[in-house]
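Asker: Show me how the following folds:
(one chain, ligands or ions: 1)
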Amino acid sequence: MTCLFRKMTMDDLEQVVAIDQVSFGLPWPPRSFYFELTDNPPSRCWVAEMDGRVVAMLVAWLIVDEIHIATFATHPDYRRQGIGGKLLHHTLRMAREEGAVTSFLEVRAGNEAALTMYRKFGYMESGLRKGYYSDNREDAVLMTLASPDYERLLLDGETDER
Ligand SMILES: CC(C)(COP(=O)(O)OP(=O)(O)OC[C@H]1O[C@@H](n2cnc3c(N)ncnc32)[C@H](O)[C@@H]1OP(=O)(O)O)[C@@H](O)C(=O)NCCC(=O)NCCS
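Answerer: You can find the predicted model right below:
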């Protein structure tokens, strides 16, 4: 089935919020997605759509030459099908066209699925925020995809959109 990667719109909000709420212990308030779409110039909001349904979402902030992944999830029914990886790749490719040379994110230390995916993309662990998450005091791992790994990733067809 074909998967379309496109900019998030206001019409997607309900489905995006539903994916966020089912994916995270500390989901964003719906107004945060509204803010990202309407009032935050650095915001780059993307979705993956299949058969008219939003199946994954990603919000990133482009700050000078860095693309910071703020939130990112695939609907549970659609995981392990390559969709999240392709959405992240799409985000990095589009940010590169706007001048990004590095990418940065925070991930829970116990989130093996995400850690595995980011390592596969070439992100390296660059720090730790102890007890960062307020629900269970879990640590946040800081990860950076630095040049030249960023450029190398975009040249690598393996994780590219198919
Ligand atoms: C992390 C997440 C976005 C991955 O989305 P996805 O669409 O399932 O990802 P993909 O199918 O593209 O997987 C890409 C790679 O990530 C790794 N991966 C994904 N899920 C994994 C899991 N459960 N266990 C181990 N590795 C996993 C694998 O290396 C995978 O490649 P492979 O399937 O060829 O082995 C998804 O699991 C999710 O939404 N999790 C909850 C929200 C979350 O944790 N978001 C990240 C916050 S930092």
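
Asker: is the ligand contacted by stretch 16-35?
Answerer: Yes - counting by C-beta under 6 Å from any ligand atom, the ligand is contacted by stretch 16-35 at Ser23. In short, each C-beta sits where N, CA and C put it, glycine included.

Asker: now that stretch: mean pLDDT?
Answerer: Taken as a whole, stretch 16-35 has a mean pLDDT of 97.

Asker: Likewise for stretch 85-103?
Answerer: For stretch 85-103, the mean confidence score works out to 97.

Asker: That stretch vs the ligand: in contact?
Answerer: Yes - on the criterion C-beta under 6 Å from any ligand atom, stretch 85-103 is in touch with the ligand at Gly85.

Asker: near the ligand, anything from stretch 107-120?
Answerer: Yes - Stretch 107-120 lies within reach of the ligand by C-beta under 6 Å from any ligand atom, at 107, 111-114, 116-117, 120.

Asker: So which of these belong to helices?
Answerer: 112-114, 116-117, 120 (DSSP state H).

Asker: if we can go back for a sec, which of the residues of stretch 107-120 next to the ligand count as buried?
Answerer: 107, 114, 117 (16 or more other C-beta atoms under 10 Å).

Asker: Same list (the residues you listed) but as CSV, adding distance to Asp77.
Answerer: As requested, those are exported to CSV (distance: C-beta to C-beta, whole Å):
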residue, distance to Asp77
Val107, 22
Ala114, 18
Met117, 18
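
Asker: Tell me which helix or strand comes right after the longest strand anywhere in the chain.
Answerer: Counting by DSSP state E, the longest strand found in the chain is strand 53-63. Downstream of strand 53-63, the next assigned helix or strand under DSSP states H and E is strand 66-74.
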